[in-house]
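K.L.:
below are the sequence and a predicted model for it; my questions follow.
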Amino acid sequence: MLLDERLTSFHFTRYQEAFHGRLLNNGHTVQLDLPSSIKIKGGNLAAQYKAIQLHLHWGVDGGPGSEHTIDGEQFPMEMHIVHIKEEYNSLSQAVRDSTGVAVLGFVFEESKSANKKFDPLINALKNITQPGNSTTLESVSLEMFTPPQKNMTKYLRYNGSLTTPGCAEAVVWSLFENTVPLSRKQLAAFSHLQFSNGEQMVKTFRPLQPLNGRQVYYSGGHAALVSTVLLIMSVLVSLMNEYVH
């Protein structure tokens with residue numbers, strides 16, 4: 001990995017503002033639709049990007065479930081906040097641009113006490129156990145679900161691409177070092193949902209892929225060098241299959 005001093009702090013617009021958002025069991029995962037007024041820039045991104053949705057990946061009853069590993073450790077859950085360049089109207093438009101999509105990734109760790117900020121989302125899961133079910137989360141903000149912004153200067157950066165031949169890279173990934181705490185009970189609540197086939201919605205992450213020579217950078221605010229990172233490279237295929245339709 002290489003230190004990249006251009007990877008400065010992000011500027012988060014309206015991450016702290018409350019909104020009402022649709023929480024959906026889409027048959028693959030849990031997705032929260034986000035207002036397009038939520039935006040990010042900085043962090044050596046090519047432009048300003050607007051939020052479209054966040055979704056999560058998890059294991060079984062709080063067991064390993066993240067899509068990234070850091071120093072060989074797989075975390076119990078991972079959250080992806082998906083943004084597209086402001087000029088585009090949809091994810092399917094944005095993926096035609098080599099830097100059209102910016103995803104912020106956050107890994108979770110098990111804590112002894114519950115993270116009360118997540119209660120609105122976790123309490124709502126019982127209303128969306130079946131695929132196609134949705135409910136409204138009222139007066140929530142992205143700030144509730146992410147680490148404090150002062151702790152979001154340390155992150156890893158790489159470019160992801162479609163796995164089909166000839167496709168340009170289209171996802172700019174930023175994976176944050178600071179973890180989000182959830183209790184074992186909170187983590188296990190996600191395992192009560194159901195897939196489209198009626199089976200228990202568990203292990204909603206794709207198998208880890210080798211880096212295949214892909215360069216990973218870390219931000220200037222990164223205090224500790226992360227020695228090895230395995231990354232999943234089929235992210236955009238997952239996004240296209242699960243979230244465009």
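P.N.:
The structure has been received and is ready for your questions.

K.L.:
in which helix or strand would I find the most centrally placed residue in the chain?
P.N.:
For the chain, the residue nearest the mean C-alpha position is His80 (0.8 Å; CA atoms, centre = their mean). If you go by DSSP states H and E, His80 is part of strand 77-85.

K.L.:
that older thread, who is the residue nearest to the centre of the chain paired with across the strands?
P.N.:
In this structure, His80 bridges to His55, Gly105 when assessed by DSSP bridges.

K.L.:
also the one 5 residues further on?
P.N.:
With beta bridges defined as DSSP bridges, Lys85 has these partners: Tyr49.

K.L.:
ok, it - contacts?
P.N.:
Lys85 sits next to 46-50, 94, 97, 99-101 when contact means CB atoms under 8 Å, 6 or more residues apart in numbering. To be clear about C-beta, it is placed using only N, CA and C from the backbone, and glycine gets the same treatment.

K.L.:
now a ChimeraX select for only the buried ones of these.
P.N.:
Buried subset of the contacts of Lys85, written as a ChimeraX selection, criterion 16 or more other CB atoms under 10 Å:
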select :48,49,50,94,97,99,100,101
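
K.L.:
got JSON lines for the contacts of Lys85, with pLDDT and distance to Pro35 too?
P.N.:
Converted to JSON lines, the contacts of Lys85 look like this (pLDDT from 0 to 100; distance: CB to CB, whole Å):
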{"residue": "Ala46", "pLDDT": "92", "distance to Pro35": "22"}
{"residue": "Ala47", "pLDDT": "97", "distance to Pro35": "19"}
{"residue": "Gln48", "pLDDT": "98", "distance to Pro35": "15"}
{"residue": "Tyr49", "pLDDT": "98", "distance to Pro35": "13"}
{"residue": "Lys50", "pLDDT": "98", "distance to Pro35": "9"}
{"residue": "Ala94", "pLDDT": "91", "distance to Pro35": "17"}
{"residue": "Asp97", "pLDDT": "92", "distance to Pro35": "22"}
{"residue": "Thr99", "pLDDT": "92", "distance to Pro35": "22"}
{"residue": "Gly100", "pLDDT": "94", "distance to Pro35": "19"}
{"residue": "Val101", "pLDDT": "93", "distance to Pro35": "18"}
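
K.L.:
now intersect the contacts of Lys85 with the strands, please.
P.N.:
Mapping those onto strands (DSSP state E) picks out 49-50, 101.

K.L.:
show me which of those residues is closest to Asn151.
P.N.:
Tyr49 (20.9 Å; CB to CB).

K.L.:
how near is the residue lying closest to Met1 once chain neighbours are set aside to Leu2?
P.N.:
Of all residues beyond its chain neighbours, the one nearest Met1 is Val216 (4.8 Å), with distances taken as CB to CB, 6 or more residues apart in numbering. According to CB to CB, to the nearest Å, Val216 stands 8 Å off from Leu2.

K.L.:
more crowded one of the two?
P.N.:
Taking other CB atoms under 10 Å, Val216 and Leu2 do not tie; Val216 has more neighbours (19 against 8).

K.L.:
in stretch 127-147, what's buried?
P.N.:
For stretch 127-147, a neighbour-count test (16+ other CB under 10 Å) marks 128, 131, 133, 135, 137, 140-147 as buried.

K.L.:
revised request: answer the last question for stretch 12-30.
P.N.:
Across stretch 12-30, burial judged by 16+ other CB under 10 Å covers 12, 14-15, 19, 21, 23-30.

K.L.:
which members of those residues are the farthest-apart pair?
P.N.:
Phe12 and Gly27 (30.3 Å).

K.L.:
show me the helices in the chain, by range?
P.N.:
All helices of the chain, identified by DSSP state H, fall at 91-94, 119-124, 142-145, 184-188, 235-239.
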